[in-house]
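Trainee: Based on what follows, work out the 3D shape:
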Amino acid sequence: MRRSFIAFIIFIISGAALSAQSGDRDLRLTMKNQGYEREYRLYIPEGVGEGSPLVIALHGYGGGIEKMPSALITTAKAHGYAICIPQGLKDPAGKPGWNVGYPSQEGMTVDDVDFVCSLARKLRKEYGFSKSATFLTGMSNGGEMCYLTAMRKPKVFTAVASIAGLSLLWMFEKYPVSGPVPFMEVHGTEDRTSEWLGDPDNAGGWGAYAPVPVAVGRVVNADGCVSQTVEELPVREGRNKVTLYKFGRGIPAANGRPMEVWLYEVKGGNHSWSDADMDTYEETWKFFSKWM
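Mentor: So this is what the prediction gives:
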């Protein structure tokens, strides 16, 4: 009993010290989910507190917290929102990632959609981040998680942004998009890992998946979008051309704005964050901030 009381007092003191702390907070934390101890990094810029936006960013297959671009943190600090970068579990091949049904993940039982959604709810409860401004992004395997989460739990996140992600055909067969959600995709046309034209025969070994325009079109239909505009981003010297297709006039979102889906086509782009061809992080925040 005495030990429990002392532990409680230490928890209260440490929490008070954290809330009174000035400057940026860069925390390494864990949470229990489905019997696993899950790790995550939580970066809270100075001045960000209750009611502030929260972005959860997911790494790619074989990646991790330490390998994420520093620009994710820089952009969070510049625009005043918290960013959480969780760590994926290792699959049977020994690669950390998110369980989206790759052949290499056969036998994995962890539900990473449940984990990511539970993490968002936990952070909102503990730090008071805004429920109406909670966003999800991810690159490659993290992008697949964006599609899967949008299909299964469209109400948990205010908007979702996939970078170089794809939609596996098993997702199409098992999960209809269960509700509208603002969505964006950034993708290179010469991506040899997540092919722009898809891989319906699983030649690449990731599992059969749809072409990027088809996967995005599925979300466009779910969001009820009935208009399309085309914009050309300024071309950086020596870099690839980026075309932005905006699908709009969809079902009203929670803030009353009509749903939109944005597709950035990076002509000749490879499998990456495409940050050499455009400011992916600023563009993602520009999209997210429309829905606050």
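
Trainee: Dihedrals phi and psi, the nearest residue to P86 once chain neighbours are set aside?
Mentor: Distance criterion Cβ to Cβ, 6 or more residues apart in numbering; nearest residue to P86, sequence neighbours excluded, is Y40 at 4.0 Å. Placement of C-beta: from N, CA and C, glycine included. Per-residue torsions, Y40: phi -160, psi 150 (degrees, to the nearest 10).

Trainee: show me what contacts Y40?
Mentor: 28-31, 65, 84-87, 119 (Cβ atoms under 8 Å, 6 or more residues apart in numbering).

Trainee: One more pass at 6 Å, please.
Mentor: Contacts for Y40 (Cβ atoms under 6 Å, 6 or more residues apart in numbering) come out as 29, 84, 86.

Trainee: Filter these down to the ones in strands?
Mentor: Using DSSP state E, the subset of the contacts of Y40 located in strands is 29, 84, 86.

Trainee: where along the chain do the helices fall?
Mentor: Counting by DSSP state H, one finds helices in the chain at the ranges 2-20, 71-79, 112-127, 141-152, 169-174, 212-222, 280-289.

Trainee: Just the C-alpha atoms of the shortest one, please, in PDB.
Mentor: Spelled out, it's helix 169-174. Output in PDB follows, covering the C-alpha atoms of helix 169-174 (Å, rounded to 0.1, in the frame of the first residue of the first chain):
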ATOM      1  CA  LEU A 169      -6.500  -5.700 -53.300                       C
ATOM      2  CA  TRP A 170      -7.400  -7.700 -50.100                       C
ATOM      3  CA  MET A 171      -8.300  -4.400 -48.600                       C
ATOM      4  CA  PHE A 172     -10.800  -3.700 -51.400                       C
ATOM      5  CA  GLU A 173     -12.300  -7.100 -51.000                       C
ATOM      6  CA  LYS A 174     -12.600  -7.000 -47.200                       C
END
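
Trainee: quick one: contacts of it?
Mentor: Residues from elsewhere that reach helix 169-174, judged by Cβ under 6 Å, 6+ apart: 101, 148, 208.

Trainee: Right, I'll leave it there.
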